[in-house]
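**Q** Requesting a structural model of the entry that follows:
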Amino acid sequence: MSEKNREGKRTARERLAEEREKQKAAEKRRRALIVGASVVGVLGLAAVIGVVAANAGKDDGGGASGPVVAPSGANGENSLALPVGAAGARSTLTVWEDFRCPACKSFEDAYRSTIHELTDAGLLKVEYRLVTLIDGNMGGSGSRKAANAAACAQNAGRFPAYHDVLYQNQPPETDDAFSRNSRLIDLAKKVDGLDTETFRTCVRNGTHDAWVAKSNEAFQKGGYGGTPSVFLNGTNIYADQSMTPAKLKQMVEKNAQG
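**A** You can find the predicted model right below:
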């Protein structure tokens, strides 16, 4: 292995480690807020905890009501997973992601090419599950609206490409740019064949907002620690500090051999 390749892998691991530390720090701050509320008395504490619990991982709620409309091709329990890759692949990567999540972007930037290589080769199936955690933590609706737009792209058979475009153009965590339909529609121009009236209408109408809310509810009930949460055949690989794109590829290729 060349020194350049070793440095690239080390840098990817360092970025992911930094994002994990940021998420841990954010969780500590959230817990400190709850504990600090004890000074206002038992009733005040109960009220604060109730508010935090009610809003954790949720957005502002606008447009998330109405019928649950799953995008075309969604599968799994309650049709909440967006599949990419060969259905018969012996390895399944389950990825819980939030399009506003910086750690998710770091994961995608590090693993994108490897995941594409494995799915294109028919060795890996990926199940993407969309979350609105940052909307709840930071305020806004960009996580929900970006997830709805991604579901609209799924209807057009363009989800993988649009998914990548969203992460490649992710705004800073505190900038709720994805809450603007115009921005989501503008980014669709980067994907061949996606910028159609059907897609634009789907985005503007929030056609899949309730489906996104259902997916986020499943994430909350699942007790996952944060985003991204990544599982290979049910095993949490994001928690594995030694994980690299090369190691993931090796694991998938070995499983394909039986």
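
**Q** Next one: residue 177 from residue 185, what distance?
**A** 13 Å (C-beta to C-beta, to the nearest Å). (Glycine included, C-beta is placed from N, CA and C.)

**Q** swap in residue 195?
**A** 7 Å.

**Q** now do residue 68
**A** For residue 68 relative to residue 185 (C-beta to C-beta), the value is 23 Å.

**Q** cool, residue 140 as well?
**A** 18 Å.

**Q** which of the two has more neighbours?
**A** Comparing residue 140 with residue 185 by other C-beta atoms under 10 Å, the one with more neighbours is residue 140, at 21 against 17.

**Q** Identify the residue nearest the more buried one in space, chain neighbours excluded?
**A** Nearest non-adjacent residue to residue 140, counting by C-beta to C-beta, 6 or more residues apart in numbering: residue 176, 3.5 Å away.

**Q** and the one you found, how many residues sit next to it?
**A** By other C-beta under 10 Å, neighbour count at residue 176 equals 21.

**Q** ok, now residue 184?
**A** 27.

**Q** For it, list the residues it contacts.
**A** 145, 146, 149, 178, 203 (C-beta atoms under 8 Å, 6 or more residues apart in numbering).

**Q** Could you do residue 257 as well?
**A** For residue 257, counting by C-beta under 8 Å, 6+ apart, there are no contacting residues.

**Q** From here on, call the first residue 10.
**A** Will do, 10 is the new start, and the previous item becomes residue 266.

**Q** Helices of this protein, start to end?
**A** With DSSP state H as the criterion, the chain has helices at 12-45, 51-64, 111-129, 142-147, 151-164, 168-177, 190-197, 206-214, 218-231, 254-265.

**Q** rank these by mean pLDDT and give me the bottom one.
**A** Mean pLDDT is lowest for helix 51-64 out of these, coming in at a mean of 29.

**Q** Spatially nearest residue to the most centrally placed residue in the chain (excluding sequence neighbours)?
**A** Nearest residue to the geometric centre of the chain (C-alpha atoms, centre = their mean): residue 106, 1.2 Å. Once flanking residues are discounted, residue 106 sits nearest to residue 113: 4.6 Å by C-beta to C-beta, 6+ apart.

**Q** Quick one: neighbours of residue 115, just the number.
**A** If we define neighbours as other C-beta under 10 Å, then residue 115 has 21 of them.
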